[in-house]
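Chemist: Structure, please.
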Amino acid sequence: MVASKATFTNCFFNAIMSVKGDIMFFRKPKRKNLSSEYITELKNFIDANLEASDYSVDEETGVLYSEEAFPAPSCNRIEKISNVPTAAAPPENSAQKNFTGAKATAPRRDYSAPAQTAAAPKFTKAEKSLEDMLGTLDESFSEMLLRKIDEKNMTDAGCYKKAGIDRKLFSKIRSNPQYKPSKPTAVAFAVALELSLDETKELLMKAGYALSHSSKFDIIIEFFILKQNYNRFEINEALYEFDQVLI
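Modeler: Numbers count the residues shown, from 1 in each chain. Take a look at the predicted model:
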């Protein structure tokens, strides 16, 4: 019994040791599809297009703030009320004194004429009401996706399989016109349909997203679309290389 346990332990240990060290030590696997020159070109594209974010995180509080709008919130900037100096009295104006040297009294506020308040804006009949604007909604993400599938002469199954999307998730998108998928899911459909950059931006906008140059993920997607490289495995390999979420 002891020998069988030892044999099982040795076999299990040998099987573990036979696995690549990349998995054991959580190292990135070697690139299989993308060459070093391709990755270098992508890195240069990211460096040339990546814009600095307007927001920063305060190291002490962890609060996201904008340096232009507000200064960084910090606990060191909070002072005790007792230590805050009181405002100094305004300098005395010599013009307010009469010729005898006595200080002139401040004029009383005039309450005879009431202050005029701004009139509330009146909406004309030509202006659209909120109900009218909500009644003219644009094409939703689901509707545009199904339209693009028909325009590309693809089947529904062929599209979601190429995008790597589960059938149940695609069924939710197809049955609910107002369904909002995640951004990687929307990008995966754009890649599967081989949409142009403008079409991809339009499809993402239908789901409430956009391609921004402040995100490495967005720049990598834009790079592959401009290259007309719609290989999802190569795109995921590049996203993994730069520690981005996969599609």
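Chemist: OK, contacts around E222?
Modeler: When contacts are counted by CB atoms under 8 Å, 6 or more residues apart in numbering, E222 touches 49, 197, 211. Where C-beta positions appear, they are placed from N, C-alpha and C, glycine not excepted.
Chemist: surely N176 meets S140?
Modeler: No: contact status for N176 versus S140: not in contact, 9.1 Å apart, counting by CB atoms under 8 Å.
Chemist: mind listing the strands for the protein?
Modeler: For the chain, the strands defined by DSSP state E cover 55-57, 64-66.
Chemist: Tell me the most packed of the contacts of E222, by neighbour count.
Modeler: Ranked by neighbour count under the definition other CB atoms under 10 Å, the contacts of E222 are headed by L211 with 18 neighbours.
Chemist: how close does it sit to S196?
Modeler: 12 Å (CB to CB, to the nearest Å).
Chemist: try L42
Modeler: Counting by CB to CB, the separation of L42 from S196 is 19 Å.
Chemist: again, but for I39
Modeler: With distances defined as CB to CB, the gap from I39 to S196 amounts to 24 Å.
Chemist: which residues touch E199?
Modeler: Contacts here follow CB under 8 Å, 6+ apart; on that basis E199 touches 148, 190.
Chemist: neighbour-wise, which of N176 and S140 wins?
Modeler: Using other CB under 10 Å, the more surrounded residue of N176 and S140 is S140, with 17 against 11.
Chemist: does that one really touch Q178, like I thought?
Modeler: Yes: with contact defined as CB under 8 Å, S140 counts as touching Q178 (6.0 Å).
Chemist: so L204 touches F217, yeah?
Modeler: No: L204 is beyond contact range of F217, at 11.8 Å (criterion: CB under 8 Å).
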